[in-house]
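Asker: Pasted the sequence and its predicted model underneath.
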Amino acid sequence: MTVCTVSLAMFLTACESTRTLTTPPVTAKFSSQATRADVEKYVILQSRTTALNDKKKRVEIDGVPCTVDGNGFSLNYKTPANLELPVFGVKTSDLSMSCTYKGTKRFKSIKVRNLTAERISNAGASGGLIGSLIASGIAASRGNKPGDDYTYLAPKMFLDRDPGIR
């Protein structure tokens, strides 16, 4: 099995904490050995929770209990945390994240990323607008394929938003 670390620099904005987490990753608990056997690789992503403070500045909130559930596995942890998430290749599906903050449970869907399709789409950007349109069309029309490189979007949650917003 391969263990990958995905950089989250592109997902963190300047107003959010970018402090380095040195804690060991939280590992998934599998519902069956068959599910564990289907894992193609693991990715380590940082899970963070933020909210607006009294001065309307976004700050990281520590110690928020969260759960990430996937198809056949789950992780329970407190933020911030490094998560070791299993990836199942073309069978990788979206995750469900829930966090409880100030007595309210909030939910969010964590989408799958097809890095292969993203690379194809980004390759066209150097060819200007027409190259970008052609590459984006190719990436969209090819769909998800076995052998593509998959991961997830960063599992982070804005705790000050309406709990019904995903």
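Answerer: Good, I have the coordinates. Note that the coordinates shown come from a computational prediction; the quantities given were computed from them, not determined experimentally. Numbers count the residues shown, from 1 in each chain.

Asker: Just after the helix or strand of the chain with the lowest mean pLDDT, pick out the following helix or strand.
Answerer: Counting by mean pLDDT, DSSP states H and E, the chain has its least confident helix or strand at strand 2-5, which shows a mean of 42. Following strand 2-5 in sequence order, the next helix or strand is strand 26-27 (DSSP states H and E).

Asker: what number of residues lie near the spatially closest residue to Lys91 that is not a sequence neighbour?
Answerer: Nearest non-adjacent residue to Lys91, counting by Cβ to Cβ, 6 or more residues apart in numbering: Asp38, 6.8 Å away. No exception for glycine: its C-beta is placed from N, CA and C like everyone else's. With neighbours defined by other Cβ atoms under 10 Å, the count for Asp38 comes to 15.

Asker: which residues touch Asp38?
Answerer: Applying Cβ atoms under 8 Å, 6 or more residues apart in numbering, we find Asp38 in contact with Gly72, Phe88, Lys91.

Asker: what about the helices in the protein?
Answerer: 33-37, 115-123, 128-142 (DSSP state H).

Asker: In stretch 77-91, which residues are buried?
Answerer: Of the residues in stretch 77-91, Tyr77, Thr79, Pro80, Ala81, Asn82, Leu83, Glu84, Leu85, Pro86, Val87, Phe88, Gly89 count as buried by neighbour count, 16 or more other Cβ atoms under 10 Å.

Asker: OK, contacts around the fifth one?
Answerer: The contact partners of Asn82, taken as Cβ under 8 Å, 6+ apart, are Leu21, Thr23, Pro24, Pro25, Val26, Ile44, Leu45, Gln46, Ser47.

Asker: tally of neighbours for the first one?
Answerer: Translated: Leu21. Neighbours around Leu21, by other Cβ under 10 Å: 15.

Asker: Check the fourth one too.
Answerer: Taking other Cβ under 10 Å as the neighbour definition, Pro25 ends up with a count of 20.

Asker: Surely it and Val43 touch.
Answerer: No. In this structure, Pro25 is not within contact of Val43 by Cβ atoms under 8 Å, at 9.9 Å.
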